[in-house]
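# Got a sequence here, can you build the structure:
(2 chains, ligands or ions: 1)
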Amino acid sequence: MAAKTIISRPIYGTLSPQPGKHHLFVADAEGALAITDMAAEAPAGFFDGAEIVFIAGPDGKYGAALEALKPAQLHIAPSFASLLPRLKQTLANAHMGLRLYLAGTEGLIGQAMQVALEAGIDHTSMQTEHRGSLARRMQCVHCKGITENVTTQPATCSHCGLLLLVRDHYSRRLAAFQGVCINAEDRSEIPPMEEIFR
Amino acid sequence: MSTGTTKLDVVVSDVVPVNELVTRFHFRRRDGELLPTFSGGAHVVVEMRDGERTRLNPYSLMGSPLDTREYTISVRRDDVGRGGSLFMHNQVRPGLEMVVSYPVNLFSLDLRAKKHLMLAGGIGITPFMAQTAQLAGEGGNFELHYTCRTASLGTYADVLSERYGRRVRLYHDDREERIELDRLLSSQPLGTHLYVCGPAGMINWVRDRAAALGWPPETVHFEHFAAPQPGLPFDVTLAVSGKIIRVGEQQSLLEAIEAAGVDPPYLCRGGVCGQCETNVISCDGKFIHNDHWLSEEDHRSGRKIMPCVSRFEGKSLVLER
Ligand code: FES
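Residues are numbered from 1 along each chain as shown, chains lettered A, B, ... in the order given. Coordinates of the predicted model:
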C-alpha cells in the first residue's frame, strides 16, 4: 500500500459495507478482489442493490468472480474513457443514499473520484481501496499533458518529451500526480530511470 | 468570565412578542459600532444578572448574517425550566445593558453542498432563520421543512413562507401533518447536506433514518442544546484549585464551579461542543451524563464529565479543576 508522504498524497482504506440500499462499485483489474473480499463480510442481500462497473484490463480476469456476487447490475467496460458517460449519467440521476466504492489502481480511483466529486459526493464519504499496480497518472506541469500508467522515476512526458520527476504532489481536481522537469538546467544530464511505481 | 469566550457589551434595543410562548430580543453594541460578523447557525451565550445569580444561556442568532447592526435571538418561555427563559421574558426590557459572548458556530452550513435540506422542530427554527437568509443572499439551493404544534405556534412560519414561498413546507401536529421522512430523504439529489434542529426526539429520529438510508455521517448536521437538568444537590472537591463546592438543585455543575471563582472553558453550555470536558480524579457514586459529546465508553468509564449539563449522585466526587 502506498505510504503517506505529503498532505495531498491520497490515502486509501479497505472497502467495508456501508449502511444503505444502493451501492455503486467502480473497479479495475485486481480491484475486483477488494470487492470479493468485502463481500465476505457484507450482510445478506447487500448486492441486491448494487451496481458494479468493472474495467477488466488486458488479462480479462475476475469478471466471473464479480458475476458470482449476483449484483443487481454488472457492466464490464474496456477502459475508463468508455464507461465515463455512463458513470456520469448514473451519478446525475442518483439520490442521497447511494454509496460509492472505488477499488483498483490509483488512476482509476482518482478519475472516478473526480467524477463523483463533481456529482457532489464528498471525498470523505467514498470508500476506496488500492489494489494492483502502483502506476500513476501524471500531469506534466510544463505542457499540462497527462501521461497514463507511469511506472518509472523519472518519467518521460508523452506529450512534450521532457524528462519529469514524478512528485507525490497530487491534484484531486485532475486526479493526477505532478511531474516536474528534472534536468531543466542542463538537458544533457540524464539521471538513471528506475521502475518504482509497479 | 471564561477564557473560551470574549464578551460584547450590548444594550437591548427592542423586545417583540412573537406568539404566546416566544419573544424576540434585539441587541446593539453600546458603543454604536457594528457587531462582529457571524455565519448562519451561530449562537451567543447571553449573561443574565438575576439578583445574586448569573445565568448564562446559549441562543441561536436569527438575524441575517448580512446585517450586523444588531443581533436578534428568540426565546421560548419554559415555565418549568430553571428560569433563564422566564428571566428573559419577565425582566428584560429595551434599554437594559447586557453582556453577550462573541458568536460561536457549532452548526454551520457546509457550503460545498449542492443543496441544503433543513428540518426544524418548534423553536429549533431560529438557526435556520439566519442560514436561509445567508443562503438566499448567495443564491443557494435550500428547502426547509418545519414542524410546529399549531399554526399559531409556528414561530416565523409566516415570515419564512412569504420570503421563500415553496422552498418552505409547514407541518402542524394538531392537523396530524407529519414529515414523510423516508421519502424526503430518499429523493434528495447527490450532494445534499441535511441539517436538523429541534427536540432531542426529532433529532434522533432524523439521524437514525438518514443513517439507515445510506446518508454518510459527514452530510448530516444537527444541533440540540440540552438545558442543564435540575437534580439532587451534591458536593464536589476541585483538586487543582483546592476548593470544595456544593452544586444546588437548580444549578449546573459548571455554574457552581464558576460561582466558586474558577474559570473553566465553555462554548455551548449545552453538552455538544466538548469545551468543558473535565477529568474525574475519584468518585463514589453515580454519574448522570446528559451530554452528546462523550462516547458511551467515556460515560461508562467514570473518568470524564461535561459539567455544563451532567450531574452526580453519591458520596464523593473529586474533579481536576
Ligand atoms: S460547554 Fe459545550 S459541552 Fe460543555
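# residue contacts, residue 10?
Looking at chain A here, since you left the chain open. Neighbouring residues of A:P10 by C-beta atoms under 8 Å, 6 or more residues apart in numbering or on different chains: A:A2, A:E106, A:I109, A:G110, A:T128, A:Y170, A:R172. For glycine as for every other residue, the C-beta is placed from the backbone atoms N, C-alpha and C.
# let's do chain B instead
The neighbourhood of B:V10, defined by C-beta under 8 Å, 6+ apart, consists of B:F27, B:R28, B:R29, B:R30, B:L35, B:Y71, B:E97, B:M98, B:V99, B:V100.
# now those residues: which count as buried?
By neighbour count, with 16 or more other C-beta atoms under 10 Å in any protein chain shown, the contacts of B:V10 hold B:F27, B:R28, B:R29, B:L35, B:Y71, B:M98, B:V99, B:V100 as buried.
# Going by distance to the ligand, which of the residues you listed wins?
Lowest distance from the ligand to the buried ones among the contacts of B:V10 (C-beta to the nearest ligand atom) belongs to B:V100, with 15.9 Å.
# which ones are touching the closest one?
B:V100 makes contact with B:K7, B:L8, B:V10, B:F27, B:V44, B:V45, B:V46, B:E47, B:Y71 under the criterion C-beta under 8 Å, 6+ apart.
# Could you give the number of residues near the spatially closest residue to it that is not a sequence neighbour?
Residue nearest to B:V100 in three dimensions, not counting chain neighbours: B:V44, with 4.4 Å by C-beta to C-beta, 6 or more residues apart in numbering or on different chains. Other residues within reach of B:V44, judged by other C-beta atoms under 10 Å in any protein chain shown, total 25.
# now B:P307
Applying other C-beta under 10 Å, we find 27 residues neighbouring B:P307.
# what about the stretch 1-150 of chain B, any weak spots by pLDDT?
Scanning the stretch 1-150 of chain B for pLDDT under 70 picks out B:1-5.
# now the strands for it?
Under the criterion DSSP state E, counting those that start in this stretch, the stretch 1-150 of chain B contains strands at B:7-17, B:22-29, B:42-50, B:53-60, B:71-76, B:97-101, B:104-105, B:115-121, B:142-148.
# Switch these over to TSV; also include distance to B:A212.
Formatted as TSV, the strands of the stretch 1-150 of chain B follow (distance: least, C-beta to C-beta, whole Å):
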stretch	distance to B:A212
strand B:7-17	41
strand B:22-29	33
strand B:42-50	30
strand B:53-60	28
strand B:71-76	31
strand B:97-101	37
strand B:104-105	28
strand B:115-121	16
strand B:142-148	18
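# isn't A:T151 right next to A:M193, touching?
No: using C-beta atoms under 8 Å, A:T151 is not in contact with A:M193, being 10.0 Å away.
# neighbour count winner among these two?
Counted by other C-beta under 10 Å, A:T151 and A:M193 do not tie: A:T151 has more neighbours, with 15 against 12.
# Closest to chain B out of the contacts of A:P10?
Checking those against chain B with C-beta to the nearest C-beta, the nearest one is A:R172 at 12.6 Å.
# Could I get the contacting residues of the closest one?
A:R172 makes contacts with A:S8, A:P10, A:G110, A:M113, A:Q114, A:L117, A:H123, as judged by C-beta under 8 Å, 6+ apart.
# With A:A119 as the reference, measure out to it.
For A:R172, the distance to A:A119 (C-beta to C-beta, to the nearest Å) stands at 14 Å.
# of the contacts of A:R172, buried ones?
Buried members of the contacts of A:R172, scored by 16+ other C-beta under 10 Å, are A:P10, A:G110, A:M113, A:Q114, A:L117.
# Secondary structure, pLDDT and distance to the ligand added to the residues you listed, as CSV?
Below are the buried ones among the contacts of A:R172 laid out as CSV (DSSP: H, G, I helix; E, B strand; the rest coil; pLDDT from 0 to 100; distance: C-beta to the nearest ligand atom, whole Å):
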residue, secondary structure, pLDDT, distance to the ligand
A:P10, coil, 78, 34
A:G110, helix, 91, 39
A:M113, helix, 93, 35
A:Q114, helix, 92, 38
A:L117, helix, 92, 33
